[in-house]
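Take a look and give me a structure for this.
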Amino acid sequence: MKRIGIIGGIGPETTVEYYRRILDLYRRRNPDGSAPYIIINSLDMKKPVEMLTGSKLKELATFLTEEVEKLARAGAAFALVAANTPHLVFDAIARQSRIPLISIVEATAEAAKAAGLKRLGLLGTRFTMQASFYPDALAAREIEVILPNEEEQVYIHRKYMDELVPGIILPETRERLMNIIKSLKDRAQIDGAILGGTELSLILRDETVFGVRILDTTQIHVEAAIARLISGKD
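I've put the predicted structure just below:
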């Protein structure tokens, strides 16, 4: 059986979630008692965050490319970067990688198109919310991205880094995040919201929030990986 490679640790809590969800989905689709082969390269999050904060994207691309190569040498047939923000340099990594990479952004954009969504709110780290990779991928599918306002972006980023990454789940944070989605619906008529940070799937597990369709990028990425594994495609 082909091996799934995962670049994890960005952050650790979601890496555990990826592992659990991959096993669960594979077993539901293959109820024969088997399980997928998974190779996880769990990184120290401090290093890539420092590169992002310092806008050292070329260094980040080189660093992640080297870590993907370790997965390739270990026998992975394809790989995932189990986070949204590193997709700032996804194209550079994919060009240099000798194994295919599954983009969480492209998988999410395809899921949004399949769901018939037209206006999507985007929640994530400030790096992701202020980047162009989601707007560009979705614009190519005639879907518009709506960002939270500046105060909301500051709140989301702070709670993301200070609470969700260390695995702290607080009901008041969940409530505020839900209200931000409601505010986006009220002022911009969004019909969907992208959890554009994989840790957000730890605190927002609903399929809809105030009638807004939730796109859980962790789950979408996992589904894309299992689909590729089952298809047998390299």
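
following the lowest-mean-pLDDT helix or strand in the chain, which helix or strand shows up next?
Sorting the helices and strands of the chain by mean pLDDT, DSSP states H and E puts helix 46-53 at the bottom, at a mean of 92. Downstream of helix 46-53, the first helix or strand assigned by DSSP states H and E is helix 57-74.

What residues of the following helix or strand past that next one count as buried?
Beyond helix 57-74 on the C-terminal side, the first helix or strand identified by DSSP H and E is strand 76-81. For strand 76-81, burial by neighbour count (16 or more other Cβ atoms under 10 Å) applies to Ala76, Ala77, Phe78, Ala79, Leu80, Val81. The C-beta positions use only the backbone N, C-alpha and C, and glycine is treated the same way.

can you list those in JSON lines and add pLDDT?
As requested, the buried residues of strand 76-81 are exported to JSON lines (pLDDT from 0 to 100):
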{"residue": "Ala76", "pLDDT": "97"}
{"residue": "Ala77", "pLDDT": "96"}
{"residue": "Phe78", "pLDDT": "97"}
{"residue": "Ala79", "pLDDT": "97"}
{"residue": "Leu80", "pLDDT": "97"}
{"residue": "Val81", "pLDDT": "96"}
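
Tell me which two of the residues you listed sit farthest apart.
Ala77 and Val81 (15.6 Å; Cβ to Cβ).

residue contacts, Val81?
Ile7, Ile10, Leu64, Val68, His87, Phe90, Ile93, Leu101, Ile104 (Cβ atoms under 8 Å, 6 or more residues apart in numbering).

What of Ile168?
Ile168 makes contact with Asp162, according to Cβ under 8 Å, 6+ apart.

that's a strand at it, yeah?
No - checked against DSSP: H, G, I helix; E, B strand; the rest coil, Ile168 lies outside a strand; its state is coil.

one step back: and the least confident helix or strand of the chain with helix 57-74, angle?
150 degrees (axes from the mean of the first three to the mean of the last three Cα atoms, to 10 degrees).

could you dump helix 46-53 to CSV, C-alpha only?
Extracted as CSV, the C-alpha positions of helix 46-53 are listed here (Å, rounded to 0.1, in the frame of the first residue of the first chain):
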residue,chain,number,x,y,z
LYS,A,46,8.9,27.9,16.3
LYS,A,47,11.2,27.9,13.3
PRO,A,48,8.6,28.4,10.5
VAL,A,49,6.7,30.9,12.6
GLU,A,50,9.8,33.0,13.0
MET,A,51,10.3,32.8,9.2
LEU,A,52,6.7,33.9,8.6
THR,A,53,7.0,36.8,11.1
